[in-house]
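**Student:** output the structure for:
(2 chains)
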Amino acid sequence: MRRLFATLCCYVAASLTSVYANEPIEVDADPATVAAVSSPPLSATMVETEEPVSVAGLLINLTEVKLSKALPVLKQLEILGGLDMLPMFKGMLEGDLYFVKASKEVVIISTVDGELTAQGVLSKKQLADVSKSQLKKIRVNNKLRGFLKQAIARLHISHPDSDKRLAAVQTLLTHLSDDTIATLIAARVNEADEDVQAMIDLALALYQADSKDPAERLIAVNIMADSLEGDARNKLVKLAENDTDTQVKVAAAKALKQINEKIEFYGFIDQLFFGLSLGSVLLLAAIGLAITFGVMGVINMAHGEMIMLGAYTTYVVQLMMPNAIEYSLWVAIPLAFVVSGCVGILIERGVIRHLHGRPLETLLATFGISLILQQLVRTVFSPLNRQVASPEWMSGSLEINPILSLTLNRLYILAFALLVFGLLLIILRKTSLGLNVRAVSQNRDMAKAMGIRTDWVDAMTFGLGSGIAGIAGVALSQLTNVGPNLGQAYIIDSFMVVVFGGVGNLWGTLVAAFSLGIANKFLEPVTGAVLASIFVLIFIILFIQKRPKGLFPQKGRAAE
Amino acid sequence: MNQLMRFSRLHGDSKVAPFVAILVILTLLASMGNLLMPEDSAFYVSTYTITLLGKYLCYAMLALAVDVIWGYCGILSLGHGAFFALGGYAMGMYLMRQIGDRGVYGNPELPDFMVFLNWTELPWFWQGMDQFWFAMLMVLLVPGILAFVFGWLAFRSRVTGVYLSIMTQALTYALLLAFFRNEMGFGGNNGLTDFKDILGFDLQADTTRVTLFAITALLLAVILVVSHKILQSRMGKVIVAIRDGESRARFIGYRTERFKVWLFVYSALIAGIAGALYVPQVGIINPGEFSPLNSIEMVIWVAVGGRGTLIGAIVGALLVNFAKTKFTAIMPDGWLFALGALFVFVTLYLPQGLMGLYQKMVNKRRSGGGDNDARPADDKVDTAPAIKGGDA
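**Tutor:** So this is what the prediction gives:
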């Protein structure tokens, strides 16, 4: 590593001129005077001939040159302006760079509260009352954009934030020019962060891989072998195919194999994560059903609609507090539990209670309720899907390496599902309600004889199961759009989970949810999403043949 | 008393013969109204009405299929839409092949959607579907075999009650997903449509429409009578015994799963025939017919009419669908509310359906109207065994 660094230092020492170390040249800050001084305006050819030039002069130049001639001007601006040019480059990349037609002042525009504001690049002052008609856009093309990205990255290398530096070096990997390497070498000396160091070394290795000396190429290959960056891999593929030196060729092939194995491994982890994520959603959706089915032996076909109600609660909460989306979920979770739980209790008291001992009729009646709830939501909120915003802390992803990144919202929902599961387990094990629920689910008549108010337990169980479905809705609203049909898709899946896991067994539900989720996600790339779910359905139909009571059947006489 | 009631319902006290007579007469009147009356006559029945009636009768046949299995054997199938749609698809494939080179792409061999998908030859399962007899065989075989395999797997391992219901729903859901795929070779999302003629008769012609309607009515009558005979027979008695106490029937020595499988297959065959009659009249079959909502709607037709009565299923299907047609025309958004409320209302307050209500009124009149005590008791004992059969 050290050796590579040394060789590279010599390699580009000549090009490592003082420009990068220099402070930006002091310029006259008043654009009006600049404009006055430098008229008649500089032409594009003058930029190449006339040196030294000022930043202000270059900026005016930029407003006049043709698109094809703008690159040299930008290059000079980068050298002369240094870090001061960062906002301008960013603005130009975004297409927000304009100039005032009259004064030729270059400005960055932005729209704040629907009002157009323009800030002078040099003056840093807000211009008063500008309208779009007074401005003209400074055009960019893809070539310029490429340069701008690189330039921004080069300027970012000295950013105090190590993440920014890392990202900057990563951007530079795709196009390594001599001056980029010079910048990198200079940055490497002062770099304290290990990740950034490694990334810079990789960049240098990528550069060195084009060296004429096979020995140096070999060193570069060895460095690249540890990296998962796509650029390194592409380079290795090229080396393994075309390199003149067999030793390098073999080393590159070996490195490539190593990398591919790693990619496969991380791909596996990625699939596993998606499987777990689907499993956590299934768990949240199914666990409420598992309790109600376990205790009362009836299927609540409106269970999916409880999920939907939870999701819509989240939507309404966000409508009520548009300025505090960050905290909306903390309000939505208990509220969704209450809303869905209350609706659940209402359904139990109003309908299911009267159909006691008639599970098939219960199924039909609750299906009717689900139709009514869906249509109600369609009438109140419109049949269109609603977008629920994700709070800042839930968006983004956890990047483990260039191949594997886990999206935060899925990660949080996985943790949340486990938390809900744990809480439910505690409720059922440690509270008197839990004791009653377990007693009723094991033997209703006996529990009644012992003085347990089974009516009350039924209502509470139903409320609890529905409330958890509501919470599941909050979680789902973070993954998909919220619509009237949101819950419908989950009733069959949830029931499959309950059947697979065994009725009245929470651990069974957990195992079943995750195994079905993972199985689905691993089948998907092989068979496609639709066939994968069909296969899972067929598997469960066959599974019931062997074990009609699920993976973890309830034991004892009461089970029959 | 209660035993006697149920016995009488299974035997002599049936209204099948008068019902068939009414059905045949009405069919004849409607057909003549369309074909013989001039268009401005008050007795003229429009072709639209004929097609609509034909559609209702297909639904009635489907309801009959559900009733045979649910009302008499306590097996609540939420997947009968699958058998219906499979029968429909078999018929649709035949009609598709009859289009020949009159399709948009003018390919004599391949249906339009296959040309569109750049397929070069007919998939194996489309072979022979241009023969009417073969297609009709498939109308019976495909739903029958599916029902046999599913039933054999399910009943042998004693999957009953809500488990079985959800499994059947999963079955139709899986088929829904599968038929939506273009690769399946059944026209994907759009299904099969744009039919031209059947056995050489133009599908748009009034005479063809009336004939199809009459055939549907006739077959419905035949199936009604056959089902009635089957359920009156010894086998029918065992089936009712299974509904009311499966374990007891098994201990007596009957292989209950065999009875259930054959009844399930019989019911699936009826559903398949209904689907095959439905497609030429409606002119399209698409995967939407597999949707679980459709299947569960059929159950409510039966519940409204009164399960375990055969005629009730037909009456329920006709009434609910008539209401649906009227309702969706007046206030489209309200229909799902009404349907949902119907589910709740019927299960809560009308467990025996309209036929039960009718029976009760007849009984009341017979016993002079003062017999208030007997009614609730009847109600309870009448429903309870049926439930146990489904639950055990």
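
**Student:** domain parsing for chain A?
**Tutor:** Residue ranges for each domain of chain A read A:2-156, A:162-264, A:267-504, as given by automatic domain parsing.

**Student:** which of those domains sits most buried?
**Tutor:** Across the domains of chain A, the average number of neighbours (mean count of other C-beta atoms under 10 Å in any protein chain shown) peaks for domain A:267-504, which reaches a mean of 20. Every residue, glycine included, has its C-beta placed from N, CA and C.

**Student:** ok, it near chain B or not?
**Tutor:** Yes: using C-beta under 8 Å from any C-beta of the partner chain, we find that domain A:267-504 touches chain B at A:297-299, A:351, A:354-355, A:357-365, A:367-372, A:374-376, A:378-379, A:492, A:495-496, A:499.

**Student:** chain A contacts on the stretch 1-150 of chain B?
**Tutor:** When proximity is defined as C-beta under 8 Å from any C-beta, the stretch 1-150 of chain B approaches chain A at B:Gly74, B:Leu76, B:Phe150.

**Student:** residues contacting A:Leu127?
**Tutor:** Counting by C-beta atoms under 8 Å, 6 or more residues apart in numbering or on different chains, A:Leu127 touches A:Val100, A:Glu105, A:Val107, A:Thr117, A:Ala118, A:Gln119, A:Gly120.

**Student:** widest-spaced pair of those residues?
**Tutor:** A:Glu105 and A:Thr117 (14.1 Å; C-beta to C-beta).

**Student:** let me see the mean pLDDT of stretch A:364-372.
**Tutor:** Average pLDDT, stretch A:364-372: 92.

**Student:** swap in stretch A:395-402?
**Tutor:** Stretch A:395-402 comes out with an average pLDDT of 77.

**Student:** again, but for stretch B:226-238
**Tutor:** The model assigns stretch B:226-238 a mean pLDDT of 92.

**Student:** where do the strands sit along chain B?
**Tutor:** Along chain B, the stretches classed as strands by DSSP state E are B:192-193, B:197-198, B:201-202, B:284-285.

**Student:** can I get those strands in CSV including distance to A:Leu278 and mean pLDDT?
**Tutor:** What follows is the strands of chain B, written out as CSV (distance: least, C-beta to C-beta, whole Å; pLDDT from 0 to 100):
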stretch, distance to A:Leu278, mean pLDDT
strand B:192-193, 34, 89
strand B:197-198, 46, 87
strand B:201-202, 51, 88
strand B:284-285, 33, 92
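
**Student:** quick check: which of these is nearest to A:Leu424?
**Tutor:** That would be strand B:284-285 among the strands of chain B, by C-beta to C-beta, at 45.0 Å.

**Student:** in the stretch 201-350 of chain B, what residue comes closest to chain A?
**Tutor:** B:Phe343 (2.4 Å; C-beta to the nearest C-beta).

**Student:** so which strand or helix has A:Gln545?
**Tutor:** helix A:529-546 (DSSP states H and E).

**Student:** list the contacts for A:Val339?
**Tutor:** Shown in contact with A:Val339 (C-beta under 8 Å, 6+ apart): A:Leu309, A:Gly310, A:Thr313, A:Gly470.

**Student:** doesn't it belong to a helix?
**Tutor:** Yes: assessed by DSSP: H, G, I helix; E, B strand; the rest coil, A:Val339 belongs to a helix.

**Student:** give me the nearest residue to it, chain neighbours excluded.
**Tutor:** In space, A:Val339 comes closest to A:Thr313 once its chain neighbours are excluded; the distance is 5.1 Å by C-beta to C-beta, 6 or more residues apart in numbering or on different chains.

**Student:** I'd say that neighbour and A:Pro334 touch.
**Tutor:** No: using C-beta atoms under 8 Å, A:Thr313 is not in contact with A:Pro334, being 9.9 Å away.

**Student:** any regions of chain B where pLDDT drops low?
**Tutor:** Scanning chain B with the threshold set as pLDDT under 70 gives B:1-14, B:368-392.
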